[in-house]
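Novice: Test case, fold it:
(one chain, ligands or ions: 1)
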Amino acid sequence: MSDTGATSAAAPPTPTHAEHPGITVTDVTVRYGEVLALDGATLTVSAGRITGLIGMNGSGKSTLFKALMGAVRPDRGEVRLAGLTPAMARRRGIVGYVPQSEAVDWAFPVSVRDVVMMGRYGHLGPTRRPRSADHAAVAAALERVELSEFAERQIGQLSGGQKKRAFVARGIAQEADILLLDEPFAGVDKRSEGTIVRLLRELAEAGRTILVSTHDLHALPALADEAALLQRRVLFHGQVHEALTPERLALAFGLGADSGLAAPGDRGANPDPDPANPDPDPASAKPAATSAPSPIPRSNA
Ligand SMILES: Nc1ncnc2c1ncn2[C@@H]1O[C@H](COP(=O)(O)OP(=O)(O)OP(=O)(O)O)[C@@H](O)[C@H]1O
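Specialist: Below you'll find the predicted structure:
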């Protein structure tokens, strides 16, 4: 664990797959014209761990995912997935991606089964036709996310949570070593959230490397082993309960430490969330009833 700002300048040599099967982001800077989206971001995600990536709107979370998927090329620095460049990792089917809902054309005429089958493309033989093993893998993935009965539905006709589960099933069918999930809980009902959290924990225990961006700090202790606070660069990376202190959250969300922004573990002092805003976005959250800097207990310890 570390407050990583001080260490980001020293770029370590690129690890090989054998040395590091997870994700390494080394001193990555990304600009969109005049906009500096990432500024020397450095992060290591170990295999078998789930890391929550948290930061306010515009802090660079999606840009980091795009860099990991090779959709944007860093101006400086490098990313490696299992020691490979994004293009190589994608070609080898090592990395699975659950995109933000806004990034998907839900009107596209594909069924839920088709979407999950996309995860099998890297496994198809020269004929590019799915074989019985591929159909079986898709059926098993659909069952794991509890979507078997929706398999033939057009993907856009699912609820927000079901759509996310369909993309998680795609990653499961792909058997990807590394899973990237951009805001998997946005617009998701509690049942879907619970299903996704449980599945990701199972996948991590099976050795997968998982990076999840989320605004839902309350989901984080049950979900993640570690948390990384992003504000163009990684301000802190360590145990979840160490990241979710009022001081560190204030740093990441650009508020004064005395703003009253409470860590999820402080919920006990305010057990009934505002029914109009049950899962407040911390960037816009009104001050909670307590500002006591008590670290939260990890429920996955
Ligand atoms: N294609 C683009 N062209 C120009 N600026 C962009 C582009 N994409 C993102 N940005 C800017 O880069 C910064 C980082 O954006 P990014 O989408 O990575 O943030 P984010 O943390 O994912 O935000 P959110 O939580 O709102 O999804 C923002 O200032 C954003 O306006």
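Novice: so Leu81 makes contact with Val25?
Specialist: No. Leu81 lies out of contact with Val25 (Cβ atoms under 8 Å); the separation is 9.9 Å. For every residue, glycine as well, the C-beta is placed using N, CA and C.
Novice: Mind listing the shared neighbours of the two?
Specialist: Leu68 (Cβ atoms under 8 Å, 6 or more residues apart in numbering).
Novice: Kindly report the residues of the stretch 1-150 of the chain close to the ligand.
Specialist: Taking Cβ under 6 Å from any ligand atom as the contact definition, the stretch 1-150 of the chain meets the ligand at Tyr32, Val35, Ala37, Gly55, Asn57, Gly58, Ser59, Gly60, Lys61, Ser62, Thr63.
Novice: okay, among those residues, which ones form the most distant pair?
Specialist: Across those, no pair lies farther apart than Tyr32 and Gly55, at 16.7 Å, counting by Cβ to Cβ.
Novice: Looking at those two, which has the bigger crowd around it?
Specialist: Gly55 (24 against 9; other Cβ atoms under 10 Å).
Novice: Which of the helices or strands spans the nearest residue to the more buried one once chain neighbours are set aside?
Specialist: Counting by Cβ to Cβ, 6 or more residues apart in numbering, Gly55 lies nearest to Leu230, which is 3.7 Å off, once chain neighbours are set aside. Using DSSP states H and E, Leu230 falls within strand 226-231.
Novice: tell me the average confidence for the helix or strand following that strand?
Specialist: Next in sequence after strand 226-231, counting helices and strands by DSSP H and E, comes strand 233-239. For strand 233-239, the mean per-residue pLDDT is 95.
Novice: where's the helix or strand following strand 233-239 relative to the chain centroid, distance-wise?
Specialist: Sequence-wise, the next helix or strand downstream of strand 233-239 (DSSP H and E) is helix 240-243. Distance of helix 240-243 from the chain centroid (Cα atoms, centre = their mean, to the nearest Å) equals 17 Å.
Novice: now the strands: where do they sit in the protein?
Specialist: 23-32, 35-45, 50-54, 76-81, 95-98, 178-182, 209-213, 226-231, 233-239 (DSSP state E).
Novice: Could you measure from Asp216 over to Val25?
Specialist: According to Cβ to Cβ, to the nearest Å, Asp216 stands 22 Å off from Val25.
Novice: These two: which has the busier surroundings?
Specialist: Val25 (24 against 21).
Novice: so that one touches Gly77, yeah?
Specialist: Yes. Under the criterion of Cβ under 8 Å, Val25 makes contact with Gly77 at 7.4 Å.
Novice: Give the residues shared as contacts by the two.
Specialist: With Cβ under 8 Å, 6+ apart as the test, Val25 and Gly77 both reach Ala41, Thr42.
Novice: list the contacts for the residue nearest to Pro74 when sequence neighbours are not counted?
Specialist: Closest residue to Pro74 apart from its sequence neighbours, by Cβ to Cβ, 6+ apart: Val28 at 4.6 Å. By Cβ under 8 Å, 6+ apart, Val28 lies in contact with Leu38, Gly40, Ala41, Thr42, Leu64, Ala67, Pro74, Arg76, Gly77, Glu78, Val79.
Novice: Tell me the spacing between the fourth one and the ligand.
Specialist: Just to be clear, that refers to Thr42. Using Cβ to the nearest ligand atom, to the nearest Å, we find Thr42 at a distance of 16 Å from the ligand.
Novice: Select from the strands of the chain the stretch with the lowest mean pLDDT.
Specialist: strand 95-98 (a mean of 90).
Novice: which other helices and strands contact that one?
Specialist: helix 61-69, helix 160-174, strand 178-182 (3 or more Cβ pairs under 8 Å, 6 or more residues apart in numbering; DSSP states H and E).
Novice: Adding mean neighbour count as columns, could you present those in TSV?
Specialist: Output for the helices and strands packed on strand 95-98, formatted as TSV (neighbours: other Cβ atoms under 10 Å):
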stretch	mean neighbour count
helix 61-69	24
helix 160-174	24
strand 178-182	25
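Novice: and Val145, which of the ones you listed is closest to it?
Specialist: helix 160-174 (4.0 Å).
Novice: pLDDT (mean, whole number) over that closest one?
Specialist: 91.
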